[in-house]
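Just to be clear, the model below is a prediction. Sequence and coordinates:
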Amino acid sequence: MITVTEAFRKFRSRLELTDREQRDASRRQKEIRELLADNLARADDFLSGSYARWTKTKPLKDVDIFYVLHEDERANYRTNQQPSKILTEVERILAREYDQKNVRRQRRSVSVEFPATGDDERVVSFDVVPAFVKGDHYEIPDTSTVKGWTETNPRIHAEKATAANEAYDGEWKGMVRMVKRWNQEKGKPVRPSFLLEVMALQLLRPPFNGNFPYEFMMFFATAKTRILEEWADPAGLGPPVSDSMSVAERQKAAEALNAAATAIRNAIQLGKNGQEGAALKAYRELFGELFPLS
């Protein structure tokens, strides 16, 4: 029978992107970036978000494309202080190419979805984030703030994730993917999933001790209390990452995190009692069907 440690390593591997998924993501994101460049003067563009940080879990949704507009576009889309104007224009460009039913404007981005084919190894959707350079970082539209614009720097987010992974013996990003999978399996009690990543910067304390269940138990047990706190943007620029959740939603998230901590604790005890098969089933109940039993 597979051991618990082997099962977690296999689970982690199953959440990693396949070569086919990476090729599909590369092809589609290049297509979208060139489409935008044909319509909006470009200063720079790059992949950002959890896909670029290697903390994205499956299915592969909401791959972020960070599109930096040239200063020539500022007079058209920034000086009037209306964030909706640039989002509307990006929506129009994408809808013309991919059909309006597949395009949706969001708080800070525009999402484009690709029809499902039953093939798990495809990129399901992309989020286009328009931006302008501001000093040594960027500003992006944000329709949920009074100012209408939020300052950010996704490259700092990526640097912090890389540093955390190195300090945690190369296991941090895999742990984050697994925690995000738990969140997905339980109906996303924590929103956005980036909040879990931000919490993991503090709660997964290096070095990795080699025991996945104990590390997860400590994470969930601490997170159940600290989810009630305000969690700042790691780049120190934008609004709190936790601002998408109301007090009531945080309380529900705390309950889900507490249940996860209890489930992990019980699964650990099953293993101690020599019931490894039952322990593996308990971990599958927590993390979903991709968690292996053999």
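Nice, thanks for sending it over.

Do a quick rundown of the helices in the chain.
Secondary structure of the chain by DSSP state H: the helices cover 4-14, 19-37, 49-53, 74-77, 83-98, 154-167, 172-185, 193-203, 212-226, 247-272, 276-287.

ok and the longest strand along the chain relative to helix 83-98, angle-wise?
Ranked by residue count and defined by DSSP state E, the top strand of the chain is strand 125-134. Orientation check (axes from the mean of the first three to the mean of the last three Cα atoms, to 10 degrees): strand 125-134 against helix 83-98 gives 140 degrees.

May I see the buried residues of strand 125-134?
125-132 (16 or more other Cβ atoms under 10 Å). No exception for glycine: its C-beta is placed from N, CA and C like everyone else's.

do you know which of the helices of the chain lies nearest T143?
Smallest distance to T143 across these (Cβ to Cβ): 5.4 Å, for helix 83-98.

for that closest one, packing partners?
Applying 3 or more Cβ pairs under 8 Å, 6 or more residues apart in numbering; DSSP states H and E, one finds that helix 83-98 contacts helix 19-37, helix 74-77, strand 103-105, strand 110-113, strand 125-134, strand 137-141.

CA atoms of the fourth one as PDB?
It refers to strand 110-113. Presented in PDB, the C-alpha positions along strand 110-113 are these (Å, rounded to 0.1, in the frame of the first residue of the first chain):
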ATOM      1  CA  VAL A 110     -11.800  41.100 -18.000                       C
ATOM      2  CA  SER A 111     -12.300  37.300 -18.200                       C
ATOM      3  CA  VAL A 112     -12.400  35.300 -21.400                       C
ATOM      4  CA  GLU A 113     -13.600  31.700 -21.200                       C
END
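
which neighbours does it have in its sheet, and in what orientation?
Sheet pairing here is set by DSSP bridges, and for strand 110-113 it gives strand 103-105 (antiparallel), strand 125-134 (antiparallel).

The ones you listed: which one's closest to T79?
For T79, the closest of the strands paired with strand 110-113 is strand 125-134, at 10.4 Å, according to Cβ to Cβ.

Where does the prediction get shaky in the stretch 51-200 of the chain?
Flagging of the stretch 51-200 of the chain using pLDDT under 70 yields the residue ranges 51-52, 58-60, 80-81, 116-123.

Name the residues that touch stretch 155-175?
With Cβ atoms under 8 Å, 6 or more residues apart in numbering as the test, stretch 155-175 has contacts from 12, 15-16, 48, 52-55, 137, 176, 197, 200-201, 204, 206-208, 212, 215-216, 219, 234-235.

And stretch 267-287, by the same measure?
With Cβ under 8 Å, 6+ apart, stretch 267-287 has contacts from 1-4, 7-8, 11, 178, 181-182, 185, 213-214, 217, 260, 263-264, 266, 291-293.
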